[in-house]
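**Q** let's see this in three dimensions:
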Amino acid sequence: MTVAMPRFAAIEPEALVECATPAEVAEALAYAERSGLEVAVRSGGHCFAGRSSSTGVVIDVTPMHGVALDGDVATVGAGTRLGALYDALEPSTIPAGCGPTVGIAGLALGGGLGILGRAHGLTCDALLGAQVVLAGGRVVECDAEREPELFWALRGAGNGSLGVVTRLRLRTLPAPEISAFELHRPREEAVELIETWQRWAPDAPDGVAVSLLLDDAGVHLIGTATEPCELPWEAELRPASFRDTKRRLAERTGPEIDTWSRSEFFARPLERDTLEALIENLEGELDFTPWGGAYNRVAPDATAFVHRDARFLLKHTATTPGGWLDRSWKLVHPYGTGGVYPNFPDPGLADPDGAYFGANRDRVARARAAYDPEGVFQPLP
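**A** Numbers count the residues shown, from 1 in each chain. Reported below is the predicted structural model:
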């Protein structure tokens, strides 16, 4: 049994069921019900909160990993990993992340950000339909016309909390020509660099995605562009193939290690004194991801993913829980939107549904009640 997050590897399920068909998923759900065991669903196993592990029944959809392309629509098995998906789609692609071992299902159902997101939206915005096995074993197809409320909820609130998704239909696009750059500066320049980034990155051309990372080694600006742009820093954009750029960005993460994170969206820049306090107290990594562009052009109630008015996402990451991680998050929390990216689940939240779904929380709750009335699938912590 392979678990992407090492700290959850010691959690042994009563039954690990690798399912190759929707019927096998239904059988696994029936077994869990008969045995009185909780259910966890796994595609890539990268859940930061450990929800793809369980001492009950783990339904692993990895065997469902086929990819078929018909025109600009890809039909993708829920067990497909991003690296294999990109290879199968080339020279087309989808807006999604870089990690090759991340499961497409978990990524898409919780939102799905990536270097094409500011131009083409979230991964869930490219979702055209899905096949889902509900808690009672019924298999349904959902899209804008069939089971539209389930389809609405899956896009942002579908991470194992409504049913087991076994197949997705995704709208693809031609893989664009792309350029990339990296700029590394000492920590002493962090305040000025972050201030410039906050003003510029969320309003940059849609095809430009520049993240800013801050750690003990300094400040790291890492960006890509699929259209001409003028950077506010002295850096050279170097052209490369889209697939090679994805691979290089994925390699930056290195091997899987245990990390803990907390995050929040922000609708306005952080003030200088707050930035100074963040930098002075730094004991881990800060990751600023630009929003804006196509992320913001979808109405907040169009899908369950509600975070459509943010300018950026700030994630705090540490190798131990609590301590600096909580202190750093609390420093900026008063200035955030209160919204949290569902794919960065945070067990420390006082009001998870409010943080993940905001004004959509009641509609998400109604969808859960309609499609999982017995609460077989647990919501995000």
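**Q** low pLDDT regions in the chain?
**A** Applying pLDDT under 70 to the chain flags the ranges 1-3, 253-256.
**Q** what's the first helix or strand after the longest helix along it?
**A** For the chain, the longest helix by residue count, based on DSSP state H, is helix 22-35. Proceeding N to C from helix 22-35, the next assigned helix or strand is strand 39-42, under DSSP states H and E.
**Q** contacting residues for residue 141?
**A** 129-132, 147 (CB atoms under 8 Å, 6 or more residues apart in numbering). C-beta here means a position set from N, CA and C on the backbone, and glycine is covered the same way.
**Q** what does residue 93 give?
**A** Residues counted as contacts of residue 93 (CB under 8 Å, 6+ apart) are 86, 116, 172-175, 242.
**Q** switch to 7 Å and redo it
**A** Neighbouring residues of residue 93 by CB atoms under 7 Å, 6 or more residues apart in numbering: 86, 172-173, 175, 242.
**Q** next one: residue 82
**A** Counting by CB under 7 Å, 6+ apart, residue 82 touches 96-97, 99-100, 102, 104.
**Q** what ranges do the helices span in the stretch 201-350 of the chain?
**A** 242-251, 272-280, 324-332 (DSSP state H, counting those that start in this stretch).
**Q** for residue 281, grab the count of nearby residues.
**A** Neighbourhood size, residue 281 [other CB atoms under 10 Å]: 12.
**Q** so it sits against residue 328, correct?
**A** Yes. Counting by CB atoms under 7 Å, residue 328 is a contact partner of residue 281 at 6.4 Å.
**Q** and the residue lying closest to residue 308 once chain neighbours are set aside, how many neighbours?
**A** In space, and not counting its chain neighbours, residue 308 is closest to residue 300: 4.6 Å by CB to CB, 6 or more residues apart in numbering. When counting by other CB under 10 Å, one arrives at 15 neighbours for residue 300.
**Q** go on, residue 272?
**A** Residue 272 is flanked by 12 other residues according to other CB under 10 Å.
**Q** can you classify residue 168 by secondary structure?
**A** Secondary structure for residue 168, judged by DSSP: H, G, I helix; E, B strand; the rest coil, is strand.
**Q** that one contacts residue 127, doesn't it?
**A** Yes. With contact defined as CB under 7 Å, residue 168 counts as touching residue 127 (6.2 Å).
**Q** common neighbours of the two, please.
**A** Between them, residue 168 and residue 127 share these contacting residues under CB under 7 Å, 6+ apart: residue 108.
**Q** okay, domains of this protein per the record?
**A** Split into domains by automatic domain parsing, the chain comes to 6-60, 67-174, 178-357.
**Q** for the residue located most distally from the centre of the chain, give its distance to residue 134.
**A** Distance from the centre of the chain peaks at residue 34, with 33.0 Å (CA atoms, centre = their mean). Residue 34 sits 17 Å away from residue 134, going by CB to CB, to the nearest Å.
**Q** and the strands in the stretch 151-300 of the chain?
**A** 164-171, 173-174, 178-185, 208-215, 218-225, 238-240, 260-266, 285-290 (DSSP state E, counting those that start in this stretch).
**Q** possible to save these as JSON lines with distance to residue 306?
**A** Shown next, in JSON lines, are the strands of the stretch 151-300 of the chain (distance: least, CB to CB, whole Å):
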{"stretch": "strand 164-171", "distance to residue 306": "20"}
{"stretch": "strand 173-174", "distance to residue 306": "24"}
{"stretch": "strand 178-185", "distance to residue 306": "30"}
{"stretch": "strand 208-215", "distance to residue 306": "21"}
{"stretch": "strand 218-225", "distance to residue 306": "26"}
{"stretch": "strand 238-240", "distance to residue 306": "35"}
{"stretch": "strand 260-266", "distance to residue 306": "10"}
{"stretch": "strand 285-290", "distance to residue 306": "17"}
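**Q** out of those, nearest to residue 17?
**A** strand 164-171 (10.7 Å; CB to CB).
**Q** quick one: strands adjacent to that closest one?
**A** According to DSSP bridges, strand 164-171 forms sheet pairs with strand 73-77 (antiparallel), strand 127-133 (antiparallel).
**Q** want to throw the ones you listed into a markdown table with mean neighbour count and distance to residue 141?
**A** Converted to a markdown table, the strands paired with strand 164-171 look like this (neighbours: other CB atoms under 10 Å; distance: least, CB to CB, whole Å):
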| stretch | mean neighbour count | distance to residue 141 |
| --- | --- | --- |
| strand 73-77 | 21 | 12 |
| strand 127-133 | 22 | 6 |
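**Q** now distance to residue 364 too, for these, in CSV please.
**A** Converted to CSV, these look like this (distance: least, CB to CB, whole Å):
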stretch, distance to residue 364
strand 73-77, 24
strand 127-133, 15
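**Q** of all those, which one comes closest to residue 311?
**A** Nearest of those to residue 311, taken as CB to CB: strand 127-133 at 24.5 Å.
**Q** now the angle from that closest one to helix 22-35?
**A** Strand 127-133 and helix 22-35 are oriented at 50 degrees to each other (axes from the mean of the first three to the mean of the last three CA atoms, to 10 degrees).
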